[in-house]
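Q: here is a sequence with its predicted model. Questions after.
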Amino acid sequence: MAGKKLRIILDTNVLYAGLYSSRGASFKVLRAIADGKMRGVLSTALLFEYEDVLKRNQEILNLSNRAIEKVLGNLCFLSDHQKIYFLWRPRLSDPKDDHLLELAVAAGVKFVVTHNTSDFKGSDKFGVRAITPKELLEEIV
């Protein structure tokens, strides 16, 4: 993608997987964001979800509170922030994912990067495609 940077919504499971292991596609997506090759898009709800999941799993991830705050701060700095004015609920099979679809629609983002693509059936009606980290990396090469 020459010119404009690809903007993505990063599902929490991809953030978790990328912090858990530096060997997979999730880590490579986080690295691409850190390297400025693409930009994440955040809402307040998504940032709070990231914080909740990381803090609940900080022992497994071997991250201190300070390290989690640094990760979240970096994501805030490297991401575009989007307010959501319209709710489209319920749309998805997992109601906890509806806010990701709403964020993608509000921000005009085409990709929600997730390990649970089946949870986003119907998102294509909004011009949003659920894609795995591996598929995303293949798409941008």
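A: Happy to help now that I have it.
Q: and the gap between the closest residue to Tyr85 other than its chain neighbours and Lys83?
A: Once flanking residues are discounted, Tyr85 sits nearest to Ala106: 6.6 Å by C-beta to C-beta, 6 or more residues apart in numbering. C-beta: built from backbone N, CA, C; applies to glycine. Look at Ala106 and Lys83: by C-beta to C-beta, to the nearest Å, they are 7 Å apart.
Q: between these two, what contacts are shared?
A: Residues touching both Ala106 and Lys83 (C-beta atoms under 8 Å, 6 or more residues apart in numbering) are Ser43.
Q: more neighbours: those two, which one.
A: Using other C-beta atoms under 10 Å, the more surrounded residue of Ala106 and Lys83 is Ala106, with 16 against 9.
Q: tell me which helix or strand the more buried one sits in.
A: With elements taken from DSSP states H and E, the one containing Ala106 is helix 98-107.
Q: distance check, Gly108 against Tyr16.
A: With C-beta to C-beta as the criterion, Gly108 and Tyr16 are 26 Å apart.
Q: which of the two has more neighbours?
A: Comparing Gly108 with Tyr16 by neighbour count (other C-beta under 10 Å), the higher total belongs to Tyr16, at 18 against 11.
Q: just the element for the more buried one, please.
A: Under the assignment given by DSSP H and E, the secondary-structure element containing Tyr16 is helix 12-20.
Q: tilt between that helix and helix 98-107?
A: Calculated by axes from the mean of the first three to the mean of the last three C-alpha atoms, to 10 degrees, helix 12-20 forms an angle of 100 degrees with helix 98-107.
Q: list the contacts of Leu137.
A: For Leu137, the contacting residues are 25, 28-29, 32, by C-beta under 8 Å, 6+ apart.
Q: count the residues that sit near Asp80.
A: When neighbours are counted by other C-beta under 10 Å, Asp80 registers 12.
Q: regarding Gly40, what is its secondary structure?
A: strand (DSSP: H, G, I helix; E, B strand; the rest coil).
Q: residue contacts, the nearest residue to it once chain neighbours are set aside?
A: Counting by C-beta to C-beta, 6+ apart, Gly40 lies nearest to Ser79, which is 3.8 Å off, once chain neighbours are set aside. By C-beta under 8 Å, 6+ apart, Ser79 lies in contact with 33, 39-42.
Q: cheers, nothing more for now.
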